[in-house]
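Asks: Here's a sequence, model it:
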Amino acid sequence: MPCIHVPAGEPWLRLHHDGELRAEQRQALQDALLLGTGTGTAAPRVAETLEKLSRAVELLEGDAALPRLQPLFVTVDPERDDVAAVARYVRDFHPRLLGLTGSPEQVRAAGGAYRVYARAGPKDEDGDYIVDHTVVIYLLGPDGLFLDYYGRSKTPAQIADSVRRHMQTYEPLPD
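Replies: This next block holds a predicted model:
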């Protein structure tokens, strides 16, 4: 499995769903991340993915031996998913789920860092379109290191078990 790492000094968080500009450096976050991507106008598969992500986080929350796990949703459709839309969308899932959006360039850069595929299809007569995109959940260590990914076939319990194993054996990258 290739190693994907966002350098600790690179600001990669964009506009948070509460409307504040969040440009914290990745290192400052210091949480492991369970990250899902998609659109807030979404197909049911994105909601299913975020429900699964949320449930996996719930299964791990009581384990004091593990680092805090931050659930995160990053839109791949910044044209429709502005701050208000993302805020409405994330309310339906885990209470700590952060929703991130930004300019099309920022979203493309963040997606590219994690090898997320996203492409908007042609617009119909009403201007509506479908975004084809990667549908997986990523596990990132506290230093931004890609640890694993979970496809649609994984259950919340399987994801939680895998996260637990990764976090119990996790060693940060040397400085």
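Asks: what about the chain, any weak spots by pLDDT?
Replies: Applying pLDDT under 70 to the chain picks out residues 1-30, 42-43, 175.
Asks: Point me to the residue sitting closest to the centre of it.
Replies: residue 35 (2.4 Å; CA atoms, centre = their mean).
Asks: Quick check: bridge partners of that residue?
Replies: Using DSSP bridges, the bridge partners assigned to residue 35 are residue 72, residue 138.
Asks: check contacts around it.
Replies: For residue 35, the contact set (CB atoms under 8 Å, 6 or more residues apart in numbering) comprises 72-74, 114, 137-140. (Each C-beta comes from the backbone N, C-alpha and C, glycine too.)
Asks: Can you report how many residues neighbour residue 135?
Replies: 17 (other CB atoms under 10 Å).
Asks: so the closest residue to it other than its chain neighbours, which of the three states?
Replies: Leaving aside its chain neighbours, residue 135 sits nearest to residue 45 (5.5 Å; criterion: CB to CB, 6 or more residues apart in numbering). The assignment at residue 45 comes out as helix when based on DSSP: H, G, I helix; E, B strand; the rest coil.
Asks: Tell me, how many residues neighbour residue 45?
Replies: 12.
Asks: same deal with residue 127?
Replies: 6.
Asks: Reduced to three states, what does it come out as?
Replies: Note that with three-state DSSP, the state of residue 127 is coil.
Asks: shift numbering so it begins at 40
Replies: Yes, from this point I'll number from 40; that puts the last item at residue 166.
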